[in-house]
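[1] Below: sequence and its predicted model.
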Amino acid sequence: MVVEDEKGLAEFYARPMPVFEDGLVGVPARKPPTPTQVKPFALQADQRGAVKQERFKHQMDEESKADAMRRKFHAQSDQVVHKTPFVPEKSQKPLTELSNLTLNTEVKASQRHEYNQQRKMMEEEMLAAKKLEEERRAADELAEVTQLRKEVVHKAQPMPKFKQSVIQPAPHMPTVPTSPNFATKSRLESRSRANSTLTL
């Protein structure tokens, strides 16, 4: 029992929350939050748009009034009826005298004819020069082909001429051949003598 009482004393027990009937002491009362009031934005773009809209409306009203005035019929005065009619006056200039005329078309035609003649002569000269150039080129090609054919033909080369050689006598005597003194010869002779002595 004593052990159980000590265990009970060792356990932690939180104190209960105090209850205040008149609220917390020293803490002001909490005010309810006020909701956000919705207000339109005062944008400069809206102001400029309103001014522009007003100006456009005024312009449309002026144009509609002017159009209505143009559509409205207005009779003109009849002052032309009371004026004196137009009477043409006789010209005071002298009559035109006819003379030999040179029409511009005739001048142009003669110039065109001369131009055509000159152009024809130039074309003929160019054709003649071109023909001569072609003939010269053909002759050059023919000469070149002929030269190439001549060069291609095989030609035998002449026999080369060499300087005649003169045989000179040797400055020393010719070599006299002698038999070599090999060791094999002496061995053969010694063997033959030994064999001859054995047979005796």
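    Arrived safely.

[2] Following the chain past the lengthiest helix in the chain, name the next helix or strand.
    Taking DSSP state H as the criterion, the chain has its longest helix at helix 104-152. Proceeding N to C from helix 104-152, the next assigned helix or strand is helix 183-199, under DSSP states H and E.

[3] chain center to that following helix: distance?
    Computed by CA atoms, centre = their mean, to the nearest Å, the chain-centroid distance of helix 183-199 equals 106 Å.

[4] what packs against that helix?
    On a contact count with 3 or more CB pairs under 8 Å, 6 or more residues apart in numbering; DSSP states H and E, helix 183-199 meets no helix or strand. From N, CA and C alone the C-beta is placed, and that goes for glycine too.

[5] Could you export that helix as PDB, keeping only the C-alpha atoms?
    In PDB, the C-alpha atoms belonging to helix 183-199 read as follows (Å, rounded to 0.1, in the frame of the first residue of the first chain):
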ATOM      1  CA  ALA A 183      95.800 -30.100 -93.100                       C
ATOM      2  CA  THR A 184      93.600 -32.800 -94.500                       C
ATOM      3  CA  LYS A 185      96.400 -33.800 -97.000                       C
ATOM      4  CA  SER A 186      98.900 -34.400 -94.200                       C
ATOM      5  CA  ARG A 187      96.400 -36.400 -92.200                       C
ATOM      6  CA  LEU A 188      95.700 -38.600 -95.200                       C
ATOM      7  CA  GLU A 189      99.400 -39.200 -95.800                       C
ATOM      8  CA  SER A 190      99.900 -40.100 -92.100                       C
ATOM      9  CA  ARG A 191      97.000 -42.500 -92.200                       C
ATOM     10  CA  SER A 192      98.300 -44.100 -95.400                       C
ATOM     11  CA  ARG A 193     101.800 -44.700 -93.800                       C
ATOM     12  CA  ALA A 194     100.200 -46.100 -90.700                       C
ATOM     13  CA  ASN A 195      98.100 -48.500 -92.800                       C
ATOM     14  CA  SER A 196     101.100 -49.600 -94.700                       C
ATOM     15  CA  THR A 197     103.100 -50.400 -91.600                       C
ATOM     16  CA  LEU A 198     100.200 -52.400 -90.200                       C
ATOM     17  CA  THR A 199     100.000 -54.600 -93.300                       C
END
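
[6] Give me the neighbour count for Ala45.
    Ala45: 8 surrounding residues under other CB atoms under 10 Å.

[7] mind checking the backbone torsions on it?
    phi -60, psi -40 (degrees, to the nearest 10).

[8] and Glu106, how many neighbours does it have?
    Around Glu106 there are 10 residues (other CB under 10 Å).

[9] Below-threshold pLDDT in this structure: ranges please.
    Within the chain, the stretches falling below the threshold (pLDDT under 70) are 1-3, 5, 8, 18-28, 183, 197-200.

[10] Kindly recompute the last result at 90.
    1-50, 67-104, 106-107, 149-200 (pLDDT under 90).

[11] So Pro180 versus Leu132, what's the distance?
    92 Å (CB to CB, to the nearest Å).

[12] cool, Ala10 as well?
    Distance from Ala10 to Leu132, by CB to CB: 137 Å.
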